[in-house]
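Undergrad: Model the structure of this input:
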Amino acid sequence: MKLTIPAALRNKRYLSLWLGLVISIAGSQMQISAIFWHIRILTGQPQPLALGGIGLARILPVIVFSFLGGPVADTLNRRRILFVTQTVMALTALALAILTFTGHITILYIYLLTAVQAAAVAFDGPARQAMIPNIVSADDLPSAFSMSSIAMNTGSIVGPALSGIVIVTLGQGYTYFINAVSFLAVILALVLIGPVSQDTKRSGVRLSAALDGIRFIFSKPIILSTMLMDFVATFFASANTMMPIVAKDILKVNEIGYGWLSSAQAIGSVAAGVVVSQVRNINKQGLIFLIAVVIFGLSTVAFGAAGAFSFAMLALILMGAADAVSTIIRNTIRQLNTPDHMRGRMVSVNQIFFQGGPQLGEVESGIVASLFGVPFAIISGGIGCILGAALIVLKWRQLPAYNGDEHLLPSPGTD
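TA: Purely as a prediction, here's the structure:
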């Protein structure tokens, strides 16, 4: 297949944002991997519940603030919101670095600062995702979301791989400091793209506006079913939390090996994202989405059963590829079936599903792993993912029949 420049990257404003996200996400993923390793070291022994606690610290603020983040993104200027959220996240990473450098870091501080950063994400996610259709045309949205997936997963390759190297060569605190600096890339991109027009109907930042978003989602079975599928898949098949224990105590690898294991899913995701970015029109989107979720669950089972580093890497790469395909398709479905003035609220509700699944899944994994062991927790999660997907299809049979050209909405992004 001859590779061409993806349509979305021909848009200079989206290109600026995309490059900034690649750098920033790499820093954020490096911090996430470093935090898991840091907690494993601070506890002195395998404690799955301590690692699972990060999931609670990351999801509780999202649940609390996401309903507010949606109306904010639909009422206020999305670009200005991103200036604020990116600055808050940079300062939070800097605080982690300073506490680590001075020797005052504790697990409690890690939980608290992670929660502050998650609160910023609750506002950042709806504004950023809802702004993309304001920058690119509707025809180029699949390309834009595939490139966003590549940005996410390129950062997820580079970040965790660098975390092990940085921890060994410079020290734990520098992973947080480098992440703080990386947020400047997105802030610079926001300056370069200039003003972004959006359709604001001035619904206001009110509870009723947030409830409008919930009512809209429940009125759109294709959107609701993809959100539930996302939640179920990531809740049960959440293997990343146990990665430090898998690396250190099962596969017997060091920080470098841990970094590569943490990057493996992203390697598969980038490969899949590159392929999808070359396809302008994706047909049979519902069926492809379901197949990707099933492959994701099966790969999770294979990872849980892995006793060798190479086999674990292969299973994780396949997991990442399947996850990328499902992410691109479900984001395209949601954005093209949501009017612009409602997109922020749709994304904010979706954020609870999207982040709630893996973060609550981390808690679930920690509990199951404490009772039955880490391999059982991962394997049973993969099986739960497949069974959950089957139940959702039985409820919403229109999902596998969805082609991708139904009820497409125009986008204001034309440049």
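Undergrad: show me the contacts for the nearest residue to Ile167 once chain neighbours are set aside.
TA: For Ile167, ignoring the flanking residues on the chain, the nearest one in space by C-beta to C-beta, 6 or more residues apart in numbering is Glu255 at 5.4 Å. Glycine gets a C-beta too; all of them are placed from N, C-alpha and C. By C-beta atoms under 8 Å, 6 or more residues apart in numbering, Glu255 lies in contact with Trp37, Ser163, Gly164, Ile167, Val168.
Undergrad: what's the third one in contact with, if anything?
TA: Just to be clear, that refers to Gly164. Taking C-beta under 8 Å, 6+ apart, one finds Ser33, Trp37, Asn254, Glu255, Ile256, Gly257, Tyr258, Gly259, Trp260 in contact with Gly164.
Undergrad: Quickly note the distance from the fifth one to Ile165.
TA: Taking C-beta to C-beta, to the nearest Å as the measure, Ile256 and Ile165 are separated by 7 Å.
Undergrad: now swap in the second one and tell me
TA: In this structure, Trp37 and Ile165 are 12 Å apart, going by C-beta to C-beta.
Undergrad: between the two, who's got more neighbours?
TA: Set side by side, Trp37 and Ile165 show unequal neighbour counts under other C-beta atoms under 10 Å, the larger going to Trp37 at 25 against 14.
Undergrad: For that one, which non-adjacent residue is closest in space?
TA: Pro244 (5.5 Å).
Undergrad: ditto for Ile214
TA: Closest to Ile214 by C-beta to C-beta, 6+ apart is Val349, at 6.0 Å.
Undergrad: If you tally nearby residues, what's the number for that neighbour?
TA: So Val349, with other C-beta under 10 Å, has 23 neighbours.
Undergrad: could you point out which element follows the helix or strand containing it?
TA: Using DSSP states H and E, Val349 sits in helix 340-372. Sequence order places helix 374-395 as the next helix or strand after helix 340-372, per DSSP H and E.
Undergrad: Tell me what angle that following helix forms with helix 340-372.
TA: 140 degrees (axes from the mean of the first three to the mean of the last three C-alpha atoms, to 10 degrees).
Undergrad: Can you list the buried residues in helix 374-395?
TA: For helix 374-395, a neighbour-count test (16 or more other C-beta atoms under 10 Å) marks 374-375, 377-386, 388-389, 392-393 as buried.
Undergrad: Return the set of buried residues in stretch 171-178.
TA: Buried residues in stretch 171-178, defined by neighbour count with 16+ other C-beta under 10 Å: Gln172, Gly173, Tyr174, Thr175, Tyr176, Phe177, Ile178.
Undergrad: Closest to Arg397 out of those residues?
TA: Thr175 (46.4 Å; C-beta to C-beta).
Undergrad: now that closest one: how far from Ala26?
TA: Between Thr175 and Ala26 the computed distance is 11 Å (C-beta to C-beta).
Undergrad: shared neighbours, the two?
TA: Contacts common to Thr175 and Ala26, judged by C-beta under 8 Å, 6+ apart, are Leu162.
Undergrad: show me where pLDDT drops low in the stretch 301-415 of the chain?
TA: 354-356, 359, 362, 404-415 (pLDDT under 70).
Undergrad: Low-confidence bits of the chain, can you list those?
TA: If you take pLDDT under 70 as the line, the chain has these spans: 1-3, 46-48, 52, 199-210, 237-241, 279-281, 354-356, 359, 362, 404-415.
Undergrad: re earlier: adding secondary structure and distance to Phe235, write the contacts of Glu255 out as CSV.
TA: Shown next, in CSV, are these (DSSP: H, G, I helix; E, B strand; the rest coil; distance: C-beta to C-beta, whole Å):
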residue, secondary structure, distance to Phe235
Trp37, helix, 24
Ser163, helix, 25
Gly164, helix, 28
Ile167, helix, 29
Val168, helix, 33
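Undergrad: With that, I have no additional questions.
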